[in-house]
Every structure is written in structure tokens, then in C-alpha cells.
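A.B. asks: Next come a sequence and a model predicted from it.
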Amino acid sequence: GLYSVINMNYSLIEDYSTTNTSGSVNADSYTSTNEGTNPSFTDVSSDDYSLQSGSVAIDAGSSNYAPADDINDLSRPQGQSDDLGAYEHRNTWDGSTDTDWSTSANWSENIVPVAGRSPVIADVTNQPVISSDDGSSGNVSLKDITINSGAELTINKESSLTLTGDYTNNSGTVTLNSDANEFATIKVGGSASGNITYNRWVNAVGTNEWDLIGSPVEGLSISSFASTNDSPLATGGGSGGNQYAIGYYDNSADEWTNYTTATIGGAGNFDIGKGYQMGTDSGATLAFTGTIATSNQTQAVQDHSASGGRIWNLVANPFPTYLYANSNANSNNFITYNAITNNNLHDSYAAIYGWDADGSGYTIYNNTSGATYIAPGQGFMVASDDSGGTTVAFRENMRTLSGSDDFINGDIMENIEVVIKLFNGVNELESTKLYFGDGLSNGLDVGYDAGNFYPEAPIMTRLSVDDEGHGMAINAMGLDAMENAVIPLVINQSAGQEF
């Protein structure tokens with residue numbers, strides 16, 4: 001028998017009668033009011049004691065009595081308050097009002113999921129859109145997310161989704177959008193299963209145009225990509241007019257090759273981390289559909305200059321996030337890790353060379369540049385001095401939501417610099433930059449000095465100390481060099497030409 005007092009709080013009990021006992025039960029108002037109420041478990045016969053939507057146990061608990069996480073490690077609460085029982089009911093998108101992610105009425109628990117929550121996206125009429133158009137930041141942070149079969153989630157170009165846990169897409173559709181200046185991002189801290197579709201902006205074909213792009217997803221067939229994007233992917237060209245505007249760079253022969261109707265069937269999948277040349281008819285997005293890379297990625301690079309090739313290798317950001325490019329963005333960045341920590345880039349060209357698509361060639365980004373970020377799927381050139389081959393790394397800790405552009409649209413200028421420009425009449429032929437910073441030397445500073453992509457560029461400088469014969473596009477020196485350094489200037493022009 002029962003010989004003491006039992007206090008029952010926030011409980012659903014079928015019958016707590018004390019008949020034939022000498023003790024008593026003190027129940028709080030919730031417990032006494034709901035005595036005998038069915039908690040609406042999902043399927044007791046199959047031992048599934050999770051809660052159905054509408055259960056009286058949802059939001060009925062208290063953090064004073066419930067553990068911080070449920071039996072599946074879901075954080076409490078997922079809705080307005082903690083749930084009763086071992087399983088926390090997951091907040092589910094119902095779209096009852098519109099497509100706005102940030103509207104409380106669109107969620108089953110009438111609360112917008114925040115950091116630590118793990119919502120479910122259901123297949124309903126109004127499918128959610130993450131956007132800043134509603135006045136929010138457009139940046140959503142969660143623990144996990146599950147996309148049900150047939151459901152859709154759209155992340156607009158200015159917005160992002162960060163998951164500290166897992167991404168699960170059960171045959172739904174998740175779309176990330178971009179334009180020439182803004183790129184949606186999704187960052188997954190745990191595991192990722194199921195696809196995303198990244199609508200990635202690609203520049204137009206044309207003289208000095210095109211774009212350097214890599215796949216921001218894994219497992220995508222080049223052939224199926226070309227078929228899916230039949231328009232606006234540019235086609236034609238070549239002797240037979242049978243080319244796709246998708247090509248690769250072979251630095252062993254210094255050759256660009258586009259896939260054709262005869263070769264694309266055997267092209268295999270995009271190699272994530274590798275860059276490709278691409279072009280659209282007039283500037284548009286191309287759809288990349290595949291899985292999300294969540295682990296560190298590497299890409300092979302090699303110096304073929306001794307055998308008639310070049311030092312340049314076309315690589316690309318393999319993640320659907322931005323990457324920290326240099327030390328002014330973050331200490332965990334591409335240049336520092338690959339050029340200094342691992343010494344896998346050419347010391348005299350330890351930089352990112354971004355294609356401008358305006359006839360000027362490549363803009364150089366290194367540690368003399370302001371905070372620089374590599375957009376999702378952005379391709380760029382890096383130089384290798386390893387004739388035997390090595391790899392560059394794209395690491396998880398380089399991923400970031402920061403950034404708002406690709407390399408096509410701009411240059412980043414710093415204050416402590418001098419730019420020397422060479423003109424022929426009113427036409428600028430080339431420029432070279434002198435950068436002065438504390439702690440730098442007048443010799444080679446890896447990650448700060450950078451050689452010109454073109455060895456016969458119209459104007460370059462040379463290192464004033466320990467010159468190794470490379471024409472520099474960025475010549476970084478200590479602050480005292482502003483007063484006393486003699487800097488060799490290289491000008492390549494035809495004899496008798498005025499400049």
C-alpha cells in the first residue's frame with residue numbers, strides 16, 4: 001500500500017486513485033484536470049510513444065522537471081514550452097497563412113523555430129521561403145531540419161540556413177538562389193542526406209567574358225547537368241557547332257577544352273573542388289543538384305612549367321557556403337592554410353587569382369587585400385611549384401555565411417598601398433600594386449607578395465631584396481620601405497611605342 005504523500009506535477013495519469021492505501025496523492029491542477037486523458041501517442045502497438053499533433057501533452061511540461069533534451073537528443077522545447085513524456089514533438093511547417101518562414105502562424109506550434117530547434121517541413125500548399133523580404137535578417141539558425149517527401153524549402157539569394165546538427169531531405173526539394181551579386185548559403189555542422197538544388201549565377205559567354213565555376217554539390221553528372229540546363233547554358237561554337245559552354249583547363253598543355261555532344265556522355269561527375277569554364281547565353285543561373293559536402297575537401301595541383309605546361313591550376317569552392325579567403329577575413333582561411341601552414345602553393349604566387357570577365361584578366365587577392373570571401377561554387381586560379389604534384393585543401397572551418405559577391409564584379413582596395421598604372425594614350429594597359437605593412441620585409445613575404453598571372457605583363461615590379469626573377473603584381477614591403485626602398489620597375493612594351 002501507499003503510506004506517504006506523492007506530489008504529481010505536469011503528468012498525464014489514467015487513474016491515480018488512492019483506494020486501499022493509507023497515503024495520499026497531491027496533484028497539480030494540470031494533472032488533476034487531465035486525469036484519464038489520452039496523450040495521443042503515435043502508435044502504442046508498435047512502441048512508438050512520440051506525440052501526435054494536437055496532443056494535450058504538447059507544450060504542457062515545465063523545464064523545472066523535464067531534462068534539457070528528449071530521448072532522441074532533441075533540445076527542449078521545440079514549441080512554446082516543454083512537452084510531457086520522453087519525446088519532444090517537433091514543430092512542423094503547416095503554411096496556414098503564407099510562405100513566410102518568419103510568420104508564427106505558419107508553424108504547428110505557433111512559434112518560429114530558433115537556434116537549437118529541429119523543425120520538420122511538411123508537404124503543404126504554402127511552402128516556406130527563407131528571405132529578408134519580411135524585415136528579418138534572412139539568416140536562420142537551427143539544430144536539425146527534416147524535409148518530408150514532396151515538401152519544398154527555398155532559400156533566397158540574400159539568405160542563409162545554418163545547422164549545428166543534421167540535414168535530412170526525404171525526397172523533398174530544397175532550392176538555393178543567387179544572382180550576380182548575392183548567393184544563398186547552407187552550412188551543415190553534422191551529417192547531410194538528400195539533395196539540394198543550387199541555382200548558381202553564371203556569367204555570359206562572349207569576348208573576355210565567361211565565368212570560372214565549380215560544382216557546389218557532390219554527385220552531379222556533367223551530362224545530366226548539361227541536359228537539365230539546356231537553356232540558358234550556351235551551346236554551339238567550334239568547327240562543328242557542337243560544343244557546350246562547359247570546359248576544363250589542362251595546365252600540362254596550357255589548353256582549354258569544352259565538352260561536345262560527342263564527349264559529354266563520358267565526362268563523369270563534376271569533381272568538386274575543381275574549377276570549370278562556363279557560360280550562359282546572356283547571364284543567368286544554372287541548376288546544380290546533388291548532396292552537400294560536409295567534410296574537408298582536397299584538389300590536386302601541379303607545376304608543369306618544366307615540361308611545356310604552366311604553374312596555374314583551376315580550383316573552386318566545393319561548398320554551398322562562402323569561404324574565408326585571406327587573413328583579413330579570418331585566421332582559418334584558404335591562403336594561410338595552403339600557402340603558409342602547408343606550403344602547397346607557389347611561394348611567389350601565394351594568392352587567389354580571380355577572373356574579372358571585363359578584359360583585364362585576373363584580379364589578385366592575398367593577405368594584402370581587405371577581408372575577402374570566396375562565393376559558393378566560385379572558381380579561381382592558384383599556382384603550384386611542385387612538379388610532382390600536391391593538393392590544396394578546402395576545410396570545414398573555412399566555411400562562413402559572410403560575403404556578398406563573386407570575383408566577376410569587383411576589386412577590393414586597401415589604404416596602405418600605391419597603384420602604378422601604365423597608359424597608352426587614354427587606355428590603361430596594366431597596373432601593379434605596392435603594399436606597405438607592419439612586419440613585412442622587402443624580400444618575399446609568402447601570402448602577401450604575388451607574381452603577375454601573365455609573365456609578359458606590360459608593367460610589373462621586382463622584389464628589392466632577394467629577387468627570384470618573378471614579375472610581381474603585388475609587391476609587399478615593410479613600412480620603412482616607403483621612405484628608403486629602391487624598387488625595380490619592369491615595363492614590357494614594343495620598341496618605339498609611346499606610353
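C.D. replies: Okay, I see it.
A.B. asks: so where's the stretch 151-300 of the chain shaky on pLDDT?
C.D. replies: 238-240 (pLDDT under 70).
A.B. asks: and the closest residue to residue 305 other than its chain neighbours, how many neighbours?
C.D. replies: Leaving out its chain neighbours, the residue that sits closest to residue 305 by CB to CB, 6 or more residues apart in numbering is residue 311, at 5.2 Å. Heads up, the C-betas are built off the backbone N, CA and C, glycines and all. Around residue 311 there are 25 other residues, counting by other CB atoms under 10 Å.
A.B. asks: now residue 473
C.D. replies: Residue 473: 27 surrounding residues under other CB under 10 Å.
A.B. asks: if we can go back for a sec, tell me if I'm right that the residue nearest to residue 305 and residue 386 touch.
C.D. replies: No - with contact defined as CB atoms under 8 Å, residue 311 does not count as touching residue 386 (9.5 Å).
A.B. asks: shared neighbours, these two?
C.D. replies: residue 303 (CB atoms under 8 Å, 6 or more residues apart in numbering).
A.B. asks: Now do the contacts for the residue nearest to residue 305.
C.D. replies: Residue 311 neighbours (CB under 8 Å, 6+ apart): 251, 303, 304, 305, 346, 349, 383, 384, 385.
A.B. asks: Just flag the most distant two among the residues you listed.
C.D. replies: Farthest-apart pair in those is 304 and 349; separation 14.3 Å (CB to CB).
A.B. asks: quick one: contacts for residue 57?
C.D. replies: 12, 39, 40, 51, 83, 84, 85, 89.
A.B. asks: Next, format those as CSV and append secondary structure, distance to residue 468 and neighbour count.
C.D. replies: Shown next, in CSV, are these (DSSP: H, G, I helix; E, B strand; the rest coil; distance: CB to CB, whole Å; neighbours: other CB atoms under 10 Å):
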residue, secondary structure, distance to residue 468, neighbour count
12, coil, 78, 20
39, coil, 75, 19
40, coil, 75, 16
51, strand, 69, 22
83, coil, 67, 28
84, coil, 72, 25
85, coil, 70, 22
89, coil, 66, 27
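A.B. asks: now for those residues, which pair is the farthest apart?
C.D. replies: Among those, the pair separated by the greatest distance (CB to CB) is 12 and 89, at 13.9 Å.
A.B. asks: All the helices of the stretch 201-350 of the chain, residue numbers only.
C.D. replies: Secondary structure of the stretch 201-350 of the chain (DSSP state H, counting those that start in this stretch): helices at 222-228, 334-335.
A.B. asks: Angles on the backbone of the residue nearest to the spatial centre of the chain, please.
C.D. replies: The residue lying closest to the centre of the chain (CA atoms, centre = their mean) is residue 321, at 0.9 Å. Note on residue 321: backbone dihedrals following degrees, to the nearest 10 are phi -130, psi 170.
A.B. asks: before we move on, what about the one 4 residues further on?
C.D. replies: Dihedral angles of residue 325 (phi, psi; degrees, to the nearest 10) stand at phi -90, psi -40.
A.B. asks: Check residue 207 too.
C.D. replies: The phi/psi pair for residue 207 (degrees, to the nearest 10) is phi -60, psi 130.
A.B. asks: For it, list the residues it contacts.
C.D. replies: Each residue near residue 207 by CB under 8 Å, 6+ apart is listed here: residue 359.
A.B. asks: got it, and residue 61?
C.D. replies: Counting by CB under 8 Å, 6+ apart, residue 61 makes contact with 10, 76, 77, 81, 82, 83, 84.
A.B. asks: Of those residues - the most surrounded one?
C.D. replies: Result: residue 83 is most packed of those (other CB under 10 Å), 28 neighbours.
A.B. asks: Hmm, that one is touching residue 89, no?
C.D. replies: Yes - between residue 83 and residue 89 there is a contact under CB under 8 Å: 5.3 Å.
A.B. asks: joint contacts of these two?
C.D. replies: 51, 55, 57, 58.
A.B. asks: Flag every buried residue along stretch 200-208.
C.D. replies: 200, 201, 202, 203, 204, 205 (16 or more other CB atoms under 10 Å).
A.B. asks: How about stretch 100-113?
C.D. replies: Going by neighbour count (16+ other CB under 10 Å), the buried part of stretch 100-113 is 100, 101, 102, 103, 106, 107, 108, 109, 111, 112, 113.
A.B. asks: so residue 297 bridges to which residues?
C.D. replies: Counting by DSSP bridges, residue 297 forms beta bridges with residue 394.
A.B. asks: Can you tell me the element residue 486 falls in?
C.D. replies: Using DSSP states H and E, residue 486 maps to neither a helix nor a strand.
A.B. asks: So for the residue nearest to the centre of the chain, what's the pLDDT?
C.D. replies: Residue 321 carries a pLDDT score of 98 in this model.
A.B. asks: what sits against it?
C.D. replies: Residue 321 neighbours (CB under 8 Å, 6+ apart): 185, 186, 187, 376, 399, 400, 401.
A.B. asks: ok, and the most crowded of these?
C.D. replies: Using other CB under 10 Å as the neighbour test, the contacts of residue 321 are led by residue 376, with 29 neighbours.
A.B. asks: Roughly how far does it sit from residue 45?
C.D. replies: In this view, residue 376 and residue 45 are 47 Å apart by CB to CB, to the nearest Å.
A.B. asks: Can you flag which of the contacts of residue 321 belong to helices?
C.D. replies: Assigned to helices by DSSP state H, none of these qualify.
A.B. asks: ok, so of those, who is nearest residue 270?
C.D. replies: In terms of CB to CB, no member of these lies closer to residue 270 than residue 376, at 13.6 Å.
A.B. asks: tell me the contacts of the closest one?
C.D. replies: 176, 178, 183-185, 198, 200, 216, 317, 319-322.
A.B. asks: Next, format those residues as JSON lines and append distance to residue 285.
C.D. replies: Shown next, in JSON lines, are these (distance: CB to CB, whole Å):
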{"residue": "176", "distance to residue 285": "10"}
{"residue": "178", "distance to residue 285": "6"}
{"residue": "183", "distance to residue 285": "10"}
{"residue": "184", "distance to residue 285": "11"}
{"residue": "185", "distance to residue 285": "15"}
{"residue": "198", "distance to residue 285": "9"}
{"residue": "200", "distance to residue 285": "6"}
{"residue": "216", "distance to residue 285": "12"}
{"residue": "317", "distance to residue 285": "17"}
{"residue": "319", "distance to residue 285": "18"}
{"residue": "320", "distance to residue 285": "14"}
{"residue": "321", "distance to residue 285": "17"}
{"residue": "322", "distance to residue 285": "17"}
